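Peer 1: model the structure of this input:
(2 chains)
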Amino acid sequence: MATQNIVDQQNTWDIVIRPQRAWWDVQLNDLWRYRDLIGIMVWRDFVAIYKQTILGPVWHVLQPLLTTLVFTVIFGGIAKLPTDGLPPFIFYMAGNTVWAYFSICLLSTSNTFTSNAGVFGKVYFPRLAVPISIVISNLIAFAIRFVLFIGFLAYFMLAGSPVKITAWVFMLPVLILLMAGLGLGGGIIISSLTTKYRDLQHLATFGIQLFMYASPVIYPISSVPQKWQWLLLANPLTPIIEVFRLAFLGTSSVDPMYLLYSAGFAALVLLVGVLIFNRVEKTFMDTV
Amino acid sequence: MASTVISVENLSKAYQLGSIGTGRFCSDLKRWWAKQCGKPDPYAIIGDADHCNREGETIWALKDINCSIQKGEAVGIIGRNGAGKSTLLKILSRVTAPTSGEIKLKGRIVSLLEVGTGFHPELTGRENIFLNGAIMGMSRSEIRRKFDEIVDFSGVEQFIDTPVKRYSSGMYVRLAFAVAAHLEPDILIVDEVLAVGDAEFQKKCLGKMESVSKGEGRTVLFVSHNMNAIEELCSRAMLLHGGALQHDDYDVRAVIRGYLYDKGVVEKSSWSNTSDLYRSTWFQPLKFFVRDAAGREMIMPLKNDEEIWLHIEGEIQEQDPALQIGYALYDDAHRLLFWSTHTDCAESDWPKLHKGHVRLRTRIPKRLLNDGDYRLELITSLFWRQWLCEPGTDVPSIVITIKGGLSDSPYWMNRRPGILAPVIAWERVA
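Peer 2: Numbering: from 1, shown residues only, chains lettered A, B, ... in the order given. Alright, predicted model coming up:
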């Protein structure tokens, strides 16, 4: 379905529908025209999710709080994993704040096609608007978690814990962008492939849980034997989490330059994702 | 000067039969492995022996459609189920892509394959207007500008801040259609949306569509099984048959007649429910046919001096006192002559209907109809509540042909002008 302005002798056509369009022909201008839709979908996600709940957005506070507590008790208290000399609670909370945003982005965009089949089958709009709006609306939840994290950080600082904020905090927007990019890219790749192979949906759900253990969420990279550290560094999330800890807690054993690797990886995943998504979106209704 | 706003060239769409999804990866792998080993494709279709095994076969939902539509035309698209109507609309509304061919469009296009697409049950009516409007391609400021008009048209202003999940289905549809009606597209595509809502609301929708096409000079494409609506609304009709454009004419009535009297559509003088159609617990029609007074089969053409008994058989699973069974009679120009139902007389005289298999018969008086073809449509409804088989839509129907036997008079042997040809008694007043 190519949509482009074409001058056809004396006629100017607004829309031309064709079977094939070039794989690089991603209609970003179309997406821009529908920016209001993205805005409204973000707003819908946020409004609709807490209708008929008593606690509303408080869930965004409770969830990380409880997860962090469990981590602190199990990994810090029972398993006694090292935390780079930081208070375990704030250490886990930092890792968890970053991780939660990435994983929710990936999981909730990974079923874009299957869960929106009803709408996609009835009306045209740039399909990419859906995963993009999901990534943005998750940002609101991230903001709440982040504020909570800052609150605890302030408490720990006042209590004299060995945490310190470094100049890397200014990299926060970049870190968020990288997480969003990785989550979105991975999510839309999975969603494009699930139109044909539903198995991937299940794989994604538990794969992301396993993947957390391959990321330095509950342990610092310094606790990993030297000869295996490259494996952990191959994970594009590692530098993001480590730099986040460097920025807000002041310790990390990863060279922040590894962020460049994460950025390259995110760009690649996003590019591949958008291209596959673009390929699938026009005929997925026939296979879903 | 009329200008072409839709141009369709050699449009085709193929679908792959068979399971897509689960198991496909496995067969993809095996296929690949077999190829590596130099063995034949394990999933290749062997011979034509097994007709049920149509795995991997492609069917053409649309084949080589060519047409061009001018600005301001209201085009009705008709055809049986599976003729390709919905596929054509889906491609036009860019929900799916064609297999080959091309469509060129001019102006803003809005397709209503459904009303209320994307409505979120938890959101209020107000919020859903914005959401639905945006999905349909309106900008926020545009919706804000038309908001009052939309609410006014829908007639649900009292409940505008109530979540739509608490709406009645009628209110829901009214609100959804109100948004759709205010999209102001250059090309409007409508698919059976009018099948919902009460009669008054349907009239409102039709009126709106009429003003869109005739008053505002916009182009409307309208798919429906409701021939009356097509005839009322459209200036041009297209008949799709087996994926091909069979008939395309500005004489809407002629296209409709061609469709309704097509021998492939109407099973001559009897109809029976072979594939579990029109399923309903109140009344599912099973057979619809004519017999003579003694219950014998009748051979077409019928003579006008014999009584025609119309038989209706069906199954009642759940009894409802409001059930009404009847028929509508049309002439060959699709003009309605009359309706008749089993509840037309005093209530005490109604045939009693019981649970289970039901057989009804009614007499079409002799020497009432004229020479020619007549079409009988089965109509069933729950009185004042809902249609089960709505006349004018794709319901069971049969065609009878009357030839000869018009009167006993030597002066009246052949067809007379007029829809009816009753023999009425005359006497001299002394």
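Peer 1: give the contact list for the residue in the stretch 151-300 of chain B that chain A sits nearest to.
Peer 2: At 7.0 Å from chain A, B:P163 is the closest residue in the stretch 151-300 of chain B, using Cβ to the nearest Cβ. Any C-beta I mention is one placed from the backbone N, CA and C, and that applies to glycine too. The neighbours of B:P163, taking Cβ atoms under 8 Å, 6 or more residues apart in numbering or on different chains as the test, are A:K51, B:P121, B:E122, B:L123, B:T124.
Peer 1: spatially nearest residue to the fourth one (excluding sequence neighbours)?
Peer 2: Meaning B:L123. A:A48 (5.9 Å; Cβ to Cβ, 6 or more residues apart in numbering or on different chains).
Peer 1: so where's the chain uncertain?
Peer 2: Just going to use chain A. For chain A, the stretches with pLDDT under 70 are A:1-11, A:20-24, A:52, A:287-288.
Peer 1: um, chain B though
Peer 2: B:1-2, B:17-28, B:30-31, B:35-36, B:38-57, B:193-199, B:262-268.
Peer 1: domains of it?
Peer 2: B:4-260, B:270-402 (automatic domain parsing).
Peer 1: need the contact list for the residue nearest to B:L123.
Peer 2: B:H120, B:E122, B:L123.
Peer 1: mind listing what the second one touches?
Peer 2: Pointing back at B:E122 there. Contacts for B:E122 (Cβ under 8 Å, 6+ apart) come out as A:A48, A:K51, A:Q52, B:P163, B:K165.
Peer 1: neighbours of B:D249, how many?
Peer 2: Residues lying near B:D249 (other Cβ atoms under 10 Å in any protein chain shown) number 13.
Peer 1: contact partners for it?
Peer 2: B:R236, B:A237, B:V255.
Peer 1: same check on A:L62?
Peer 2: Counting by Cβ under 8 Å, 6+ apart, A:L62 touches A:L55.
Peer 1: helix/strand/coil for it?
Peer 2: The three-state label given to A:L62 by DSSP: H, G, I helix; E, B strand; the rest coil is helix.
Peer 1: the contacts of B:D249 in strands, which ones?
Peer 2: B:R236, B:A237 (DSSP state E).
Peer 1: doesn't B:V190 lie inside a helix?
Peer 2: No - secondary structure of B:V190 (three-state DSSP): strand, not part of a helix.
Peer 1: show me what it is bridged to.
Peer 2: On the basis of DSSP bridges, B:V190 is bridged to B:L112, B:F222.
Peer 1: coming back round to it: please list only the buried members of the contacts of B:P163.
Peer 2: For those, a burial check counting by 16 or more other Cβ atoms under 10 Å in any protein chain shown picks out B:E122, B:L123, B:T124.
Peer 1: got CSV for these, with secondary structure and distance to A:F91 too?
Peer 2: Output for the buried ones among the contacts of B:P163, formatted as CSV (DSSP: H, G, I helix; E, B strand; the rest coil; distance: Cβ to Cβ, whole Å):
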residue, secondary structure, distance to A:F91
B:E122, coil, 38
B:L123, coil, 40
B:T124, strand, 43
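Peer 1: and which of these is nearest to chain A?
Peer 2: Comparing the buried ones among the contacts of B:P163 against chain A with Cβ to the nearest Cβ places B:E122 closest, at 4.2 Å.
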